[in-house]
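Asks: Quick one, structure for this:
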Amino acid sequence: MNNVPVLDTFKRPLRDLRISVTDRCNFRCPYCMPAEIFGDRYQFLPREDLLTFEEITRIVKIAAGLGVTKVRITGGEPLVRQNIEELVAMIAAVDGVSDLAMTTNAYLLSGYAEKLKNAGLKRITVSLDSLEDEIFQKMNGRGFSTARVLDGIRAAKEAGLQPIKINAVVQKGVNDETLVGLAEWCRDNGHTPRFIEYMDVGTLNDWKLEEVLTAEEIVQLIEERFPADPVGPTYPGEVAKRYRYRDGNGEFGIISSVSQPFCGDCTRMRLSPEGKSVTCLFAETGTDLRDSLRDGSTDDEIKKAIIGIWGSRKDRYSEQRSEETVKRKKVEMYHIGG
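Replies: Numbers count the residues shown, from 1 in each chain. The predicted model follows:
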């Protein structure tokens, strides 16, 4: 495939596509989908509003022709989307996609890991904010223990979905005292933890700056136990800043959107469950592509639309964050993935 790179207004290329396949989730993490808002009567998107697997794959093919090589399937929780392994197989067959990954809470993963691997998924990222059950139960909002999540991680490792990355959102006064233990567990099991500063994604999580444990503070906590040195990115636009342990036993990463913004290297476009193209995690809204997918538009017409969306992109929210922008209405994290 002859990829034709497309650049935004800051000359950032389109390289990554993150696909949210559902707005539903079996967890109710307070920083993403707080239970007091997303209760039993909450109206999620009806099935007919969701992009079909065929529509998603069509977007992936068009995006690959514009230079996208990395695709990540997210949610909500992607494993609650029925027959998700079929979508994985369809995307894995797209020419130009060299890296196909999924972010999941792993609660259902033990029943899917082998099917996902056989379908063509290459690797898994698991959201796991703490190994301590009491804290984990509080942070997932459902009272679920870590047992099934750890079973899912083991199943992924056995299936060959590696390397496995473990994402932990760090909130001061909530789970910050458990992150060193999580780092140690990852070292012992060959996984790579990535500690994420608590971010003001969306407007429903009651975000407060004073609850952010900064990247510098996180690194200091870990290095007191496991000395490490910073290393360079593994690919252009990598979000996590990497640190390799001096004893050679693995590494950890820090995603520091609040204290050390990385907008300048962002190459990600997100596709929402109902087919909106979203060019920033902190965007107010997205641009509809579903109508074009369903009204008979040609691939070239949709391609031109995506070029126009990305070509006019000016997003650099994290570099401009202020008290005013924090209050601004934004797309919710559960709707476009992390």
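
Asks: Convert the host helix or strand of Ile73 to PDB, retaining C-alpha atoms only.
Replies: Here Ile73 is covered by strand 70-74, with elements defined by DSSP states H and E. Taking C-alpha atoms only, strand 70-74 is exported to PDB below (Å, rounded to 0.1, in the frame of the first residue of the first chain):
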ATOM      1  CA  LYS A  70      -1.100   1.400  14.700                       C
ATOM      2  CA  VAL A  71      -4.700   0.500  15.700                       C
ATOM      3  CA  ARG A  72      -6.000   0.100  19.300                       C
ATOM      4  CA  ILE A  73      -9.400  -1.200  20.200                       C
ATOM      5  CA  THR A  74     -10.900   0.400  23.300                       C
END
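
Asks: what does whatever helix or strand comes next after that strand contact?
Replies: Remark: after strand 70-74, the chain's next helix or strand is helix 84-92, criterion DSSP H and E. In this structure, residues lying in contact with helix 84-92 by CB atoms under 8 Å, 6 or more residues apart in numbering are 21, 53-54, 56-57, 60, 71, 73, 78, 81, 97, 100, 102, 112, 115-116, 118-121. Using the backbone N, CA and C atoms, a C-beta is placed for each residue, glycine as well.

Asks: Please, where are all the helices along the stretch 101-250 of the chain?
Replies: In the stretch 101-250 of the chain, the helices defined using DSSP state H, counting those that start in this stretch lie at 113-119, 133-140, 147-159, 179-189, 215-225.

Asks: need the ones you listed in TSV with mean neighbour count, mean pLDDT and distance to Arg12, can you?
Replies: What follows is the helices of the stretch 101-250 of the chain, written out as TSV (neighbours: other CB atoms under 10 Å; pLDDT from 0 to 100; distance: least, CB to CB, whole Å):
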stretch	mean neighbour count	mean pLDDT	distance to Arg12
helix 113-119	20	98	30
helix 133-140	17	96	33
helix 147-159	19	98	31
helix 179-189	18	98	31
helix 215-225	16	96	22
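
Asks: out of these, which comes closest to Gly250?
Replies: Between Gly250 and the helices of the stretch 101-250 of the chain, the tightest spacing by CB to CB is seen for helix 179-189, at 5.2 Å.

Asks: which other helices and strands contact that closest one?
Replies: Under the contact definition 3 or more CB pairs under 8 Å, 6 or more residues apart in numbering; DSSP states H and E, helix 179-189 sits against strand 164-170, strand 192-197, helix 215-225.

Asks: where's the first one relative to the chain centroid, distance-wise?
Replies: Per CA atoms, centre = their mean, to the nearest Å, the displacement of strand 164-170 from the mean C-alpha position of its chain is 10 Å.

Asks: One more: the longest one?
Replies: Relative to the chain's own centre, helix 215-225 is displaced by 23 Å; criterion: CA atoms, centre = their mean.

Asks: got the angle for that helix vs strand 164-170?
Replies: With axes from the mean of the first three to the mean of the last three CA atoms, to 10 degrees as the basis, helix 215-225 and strand 164-170 are set at 120 degrees to each other.

Asks: so how far is the first residue of stretch 30-38 from its last?
Replies: Terminal residues of stretch 30-38 are spaced 10 Å apart (CA to CA, to the nearest Å).
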